[in-house]
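Novice: Quick check, what structure comes out for this input:
(one chain, ligands or ions: 3)
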Amino acid sequence: MNKEDIRGYALNLGADAVGFATIGDYRSKKSPDPKLILPTVKSMVVMAYRELDGSLDSLNARTAMSGRMALMELSQKNVYLLGRHIEDKCRVKAAPVLMSYPLDMGPGILGLIGDVSLRHAAVAAGLGVLGRHNLVIHPRFGSRVIFNALLTELDLPSDPPVTDELCNDCGLCVENCPAQALEVEGQTDALKCLRFSQPWGIGGAIAFIVRFTKATPEEQKKLLADPRFLQLYQASFIGFQYNCFNCLAGCPAGERR
Ligand code: B12
Ligand code: SF4
Ligand code: SF4
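Specialist: Ligands and ions are numbered 1, 2, ... in the order given. Purely as a prediction, here's the structure:
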């Protein structure tokens, strides 16, 4: 199979754009070595999925999240199907890199470093460039795009990098961030972002548990009927729920905007 066969197959499955990177072109200082996932890895197939505009622009935060959940499900299924296709046709191994969780929650990582940095992978595979918001901007879909990838044993050369400067430095992402998490160029303050983008994540759960354990039995009964507990309960079976998409949604970059 050559790159065009693989690209065509992935686009047919529903990816919006597909890029390739030879493993030597993927360089992410903080991330683990991809050989710890697939020791014989030679290349990455990176897939981009665009968010629905109606979902990101909805006034209802749950609509944006349900759009994201649909993309996560589609991308997870597609990376598996593409891997199976490559393994069957080429008799080589292919290992999926999912969009998000499960993440390594071990010491020093605490869910803040993915097994593969998909932003570095997307840039190496010619799918975009980094913007002021520390996200990858795709030439067509702009910032409204998310990624997953497949590690393979195939010798596939990298796609040409995007050389256009897609971020126009308008500063809207910095202004629109409710957490002031983007004040320092080149750095996202993860804890500030998490408080707004995942209010029902681990930080919210810890705060609730601490409050609950200090409460009297009467107060505990009330806390279990509190909307905050109901949100945490919902998150416990849905998974991470993002409540902020401002830095993606407000960015004017990309042909489709
Ligand atoms: C952990 C995580 C977070 C943490 C951030 C931790 C962090 N500092 O990276 C938190 C919870 C804060 C977070 C928030 C968000 N995230 Co997030 N997150 C991830 C995850 C799971 C791992 C990232 C990771 O490994 N970081 C650790 C190392 C690699 O980061 P780093 O080296 O410090 O990278 C920084 C610098 O290197 C700098 N940088 C400097 N020079 C260069 C050069 C290049 C080429 C690159 C790429 C970067 C770079 O950029 C980075 C800025 O923080 C990825 C999925 C994945 N597996 O990659 C998604 C991911 C990065 N998140 C994503 C998104 C969309 C979001 C949010 C918008 C939330 C939402 N509603 O979806 C916000 C945006 C915050 C922002 N503007 O930065 C997307 C980005 C898509 C895109 N278009 O780029 C990803 C890729 C998920 C996906 N499957 O598409 N996220
Ligand atoms: S997701 Fe929201 S809180 Fe996090 S950096 Fe983007 S705009 Fe700020
Ligand atoms: S909102 Fe403006 S400054 Fe921020 S990434 Fe997009 S184009 Fe760049």
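Novice: I'd say Q198 and Q241 touch.
Specialist: Yes - assessed by CB atoms under 8 Å, Q198 is found in contact with Q241 at 6.9 Å. C-beta here means a position set from N, CA and C on the backbone, and glycine is covered the same way.
Novice: Tally up the residues packed near K30, please.
Specialist: Neighbour count of K30, defined by other CB atoms under 10 Å: 10.
Novice: Now do it, the pLDDT please.
Specialist: The score at K30 is 94. That number is its pLDDT.
Novice: ok, now R119?
Specialist: 98.
Novice: shift numbering so it begins at 449
Specialist: I'll keep to 449 as the first residue from here, and by that count the last item is R567.
Novice: and it, what does it touch?
Specialist: Residues near R567 by CB atoms under 8 Å, 6 or more residues apart in numbering: L578, N582, L583, V584, F595.
Novice: Keep only those of the residues you listed that are in strands.
Specialist: L578, V584, F595 (DSSP state E).
Novice: Now do the last one against S565, distance only.
Specialist: For F595, the distance to S565 equals 10 Å [CB to CB, to the nearest Å].
Novice: ok, the two, which is more surrounded?
Specialist: Legend: neighbour count by other CB under 10 Å for F595 and S565, higher for F595 (25 against 22).
Novice: What distance do you get for that one to M547?
Specialist: In this view, F595 and M547 are 7 Å apart by CB to CB.
Novice: Could you tell me which residues touch both of the two?
Specialist: By CB under 8 Å, 6+ apart, the residues touching both F595 and M547 are L566.
Novice: show me what contacts the closest residue to ligand 1 within the stretch 549-698 of the chain?
Specialist: Nearest residue of the stretch 549-698 of the chain to ligand 1, counting by CB to the nearest ligand atom: G562, 2.4 Å away. Neighbouring residues of G562 by CB under 8 Å, 6+ apart: S479, V545, S548, L551.
Novice: Drop anything exposed from these.
Specialist: S479, V545, S548 (16 or more other CB atoms under 10 Å).
Novice: Quick check: chain neighbours aside, which residue is closest to whichever residue of the stretch 449-598 of the chain sits closest to ligand 2?
Specialist: The stretch 449-598 of the chain approaches ligand 2 most closely through H581 (6.7 Å), counting by CB to the nearest ligand atom. Counting by CB to CB, 6 or more residues apart in numbering, H581 lies nearest to C621, which is 3.7 Å off, once chain neighbours are set aside.
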